[in-house]
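>>> I'd like to go over a predicted model; first the sequence, then the structure.
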Protein chains: 2
Amino acid sequence: MPGPELLSSVQNAIRVMRQFSLDEPELGITELNERLGISKSSIYRVLQTLCAEHIIQQNPETKKYHLGLTAFEIGCVVYNDIQVCQVALPLLQKMHLKLPVVIQLVVYDRGTVIHLLKLPEKRETRTFNRMGKRVPANATAAGKVLLAYQSEKEIERLCSIGFKSFTPNTLTKPEVLLSELAAIKENGYAFSKEEFKVGMCALAVPVFDEITNQIVAAISVTGPKKILSPAQIQIYLREMKMYSRLISEQLDLE
Amino acid sequence: MPGPELLSSVQNAIRVMRQFSLDEPELGITELNERLGISKSSIYRVLQTLCAEHIIQQNPETKKYHLGLTAFEIGCVVYNDIQVCQVALPLLQKMHLKLPVVIQLVVYDRGTVIHLLKLPEKRETRTFNRMGKRVPANATAAGKVLLAYQSEKEIERLCSIGFKSFTPNTLTKPEVLLSELAAIKENGYAFSKEEFKVGMCALAVPVFDEITNQIVAAISVTGPKKILSPAQIQIYLREMKMYSRLISEQLDLE
DNA sequence: AAGGGTTTTTCGTATAGCGAAAAACGAAAA
DNA sequence: TTTTCGTTTTTCGCTATACGAAAAACCCTT
């Protein structure tokens, strides 16, 4: 395997783009140089090129750089491509009317999950933020559901890499995780009790594609410990499973 | 001004990324080669590089390429950066409860406007799609509002380039457009009667930053001709102006 | 006015990235 | 099956390109 040679300047450009995050939306050349170890001149040229296309924009005040509207535009194309978002949003909004808790839709991506949608605990609250956030699959209910239905090979691959821990409850031992995944497939849902954030619990169910039988996403409900009492859990699960089925039904209709 | 030299392979990569759209989410090497006039080998190498980072993914069935989750992830960072989205969404949702029509939030970008949010005519409908869509500023109500408050220089620049027409009603003549923009600043709102799509009308008001007094976005209400009767327009405007003010007030609080 | 921190620019060199063309692949037709 | 056509990959030299180091310009802060 020669591995087709990749374009190093494009790789640099991508590495630069990925440095920007919610926590650090603005970065200067020196910071990027330190973080990436790419020479300042290269960083500068990469930024110039990305700026010319408005993938990145420069703040004239601070001289620092941040992601621009073209990046947003491209990201939206992906979002609109992802069929399950389009189908799920109106349905989950309906569910949200009945159960005004934090409802999320997430997909699997190489050992992590990415948030596609997030409905807040109450209407009116600051809402769809954290869309696009990536979290590890082993530490969340939705992640575990998605993991449970991945191929053995993929699961093994992740086990061989190892898992990060976030709270004392995070599942990191492969043997523990594997039996948990088996149980999840058995029950059709996953529960996470403070495995990612202390004090927070979550419940998740899979969403399948009816034709291929592949898992395409997971729906999760998140909240503080007390919200998810055993009695409540049953109520939530009922709704979640129903909406999961509704989404599945609509998935291949178009 | 020598114009700092830009990285051609990065430029190629960007041009490739931008080819993907809602209408053509999947493209092959040959198609990209035809559209961009870049040699197939270069296209191939660019795609390989982007694939390695999951900016683009290859459909193993068709061998064609489409934008990937990393592109979504990056786009979301931008979205979450844009303060006005975060502030406006819950407020516009409230407005939407009172007025269940199509409500949009858009920003200006070099002669065009980009949709940040779109609330559908009714709850439950397929909703936030068309986020990220780019439309010309001269042909929509929101575009005209945003244009009205741009610098003279910018407006002149656009006039010198010229405007595209979409319907018989589209404003393309600079002198007509300029007097329209003056009227918009006078009235504090813009109206578009079938200037972009036949049968469709729209109403838009500006959203300002209270500190800088700069225009940061526009709120628009769109619908078929009959929805926007003169009497209705007054009702809509009242609400729109109120919510615009509410958004402004919250903008710099954080 | 001077200093430390930036961001830009310059410059020579090595190599990365280019295009043309050949090879491999794959689906559909014969 | 074999052939054909339209893809996508790979190969291969050459040249232009993108590289890093270091110098220059800039810009706040003191």
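Received it, and whenever you're ready, just let me know what you need. This one's a predicted model, so the numbers in the text were calculated from it and none came from an experiment. Numbering: from 1, shown residues only, chains lettered A, B, ... in the order given.

>>> How far off centre is the strand or helix carrying A:S248?
In this assignment (DSSP states H and E), A:S248 forms part of helix A:230-251. Taking C-alpha atoms, centre = their mean, to the nearest Å, one finds helix A:230-251 lying 20 Å from the centre of the chain it belongs to.

>>> helices and strands around it, which ones?
helix A:83-98, strand A:200-208, strand A:215-224 (3 or more C-beta pairs under 8 Å, 6 or more residues apart in numbering or on different chains; DSSP states H and E). (Each C-beta comes from the backbone N, C-alpha and C, glycine too.)

>>> Do I have it right that A:L177 meets A:T170?
No: assessed by C-beta atoms under 8 Å, A:L177 is found out of contact with A:T170, at 9.8 Å.

>>> shared neighbours, those two?
A:138, A:163 (C-beta atoms under 8 Å, 6 or more residues apart in numbering or on different chains).

>>> Pairing partners for A:I219 in the sheet, please.
Counting by DSSP bridges, A:I219 forms beta bridges with A:L105, A:V205.

>>> close enough to count as contact, A:L228 and A:M200?
No: using C-beta under 8 Å, A:L228 is not in contact with A:M200, being 9.4 Å away.

>>> Of all the helices and strands packed on helix A:230-251, which one is nearest DNA strand D?
The closest approach between DNA strand D and any of the helices and strands packed on helix A:230-251, judged by C-beta to the nearest atom of the strand, belongs to helix A:83-98 at 22.4 Å.

>>> which secondary structure elements does the closest one contact?
Short answer (3+ C-beta pairs under 8 Å, 6+ apart): helix A:83-98 packs on strand A:102-109, strand A:112-119, strand A:215-224, helix A:230-251.

>>> now do 7 Å
For helix A:83-98, the packing partners by 3 or more C-beta pairs under 7 Å, 6 or more residues apart in numbering or on different chains; DSSP states H and E come out as strand A:102-109, strand A:112-119, helix A:230-251.

>>> Right, and DNA strand D sits closest to which residue of the stretch 101-250 of chain A?
Scanning the stretch 101-250 of chain A for the residue nearest DNA strand D gives A:R110, at 19.5 Å (criterion: C-beta to the nearest atom of the strand).

>>> Leaving out sequence neighbours, find the closest residue to that residue.
Spatial nearest neighbour of A:R110, excluding adjacent residues (C-beta to C-beta, 6 or more residues apart in numbering or on different chains): B:H54 at 7.8 Å.

>>> Need the three-state assignment for that neighbour.
Of the three states, B:H54 takes coil under DSSP: H, G, I helix; E, B strand; the rest coil.

>>> before we move on, back to that, possible to save the helices and strands packed on helix A:230-251 as TSV with distance to DNA strand C and mean pLDDT?
As requested, the helices and strands packed on helix A:230-251 are exported to TSV (distance: least, C-beta to the nearest atom of the strand, whole Å; pLDDT from 0 to 100):
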stretch	distance to DNA strand C	mean pLDDT
helix A:83-98	23	91
strand A:200-208	25	96
strand A:215-224	23	95
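
>>> of those, which approaches B:K64 most closely?
helix A:83-98 (16.7 Å; C-beta to C-beta).

>>> buried sites along the closest one?
Judged by neighbour count using 16 or more other C-beta atoms under 10 Å in any protein chain shown, the buried positions of helix A:83-98 are A:84-93, A:95-96.

>>> Please apply the same query to stretch A:184-192.
Of the residues in stretch A:184-192, those buried (16+ other C-beta under 10 Å) are A:184, A:189-192.

>>> Give me the contacts around it.
Residues from elsewhere that reach stretch A:184-192 (C-beta atoms under 7 Å, 6 or more residues apart in numbering or on different chains): A:140-141, A:144-145, A:148, A:201-205, A:237, A:241.

>>> before we move on, back to that, now render the helices and strands packed on helix A:83-98 as CSV, adding mean pLDDT.
Formatted as CSV, the helices and strands packed on helix A:83-98 follow (pLDDT from 0 to 100):
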stretch, mean pLDDT
strand A:102-109, 96
strand A:112-119, 94
helix A:230-251, 94
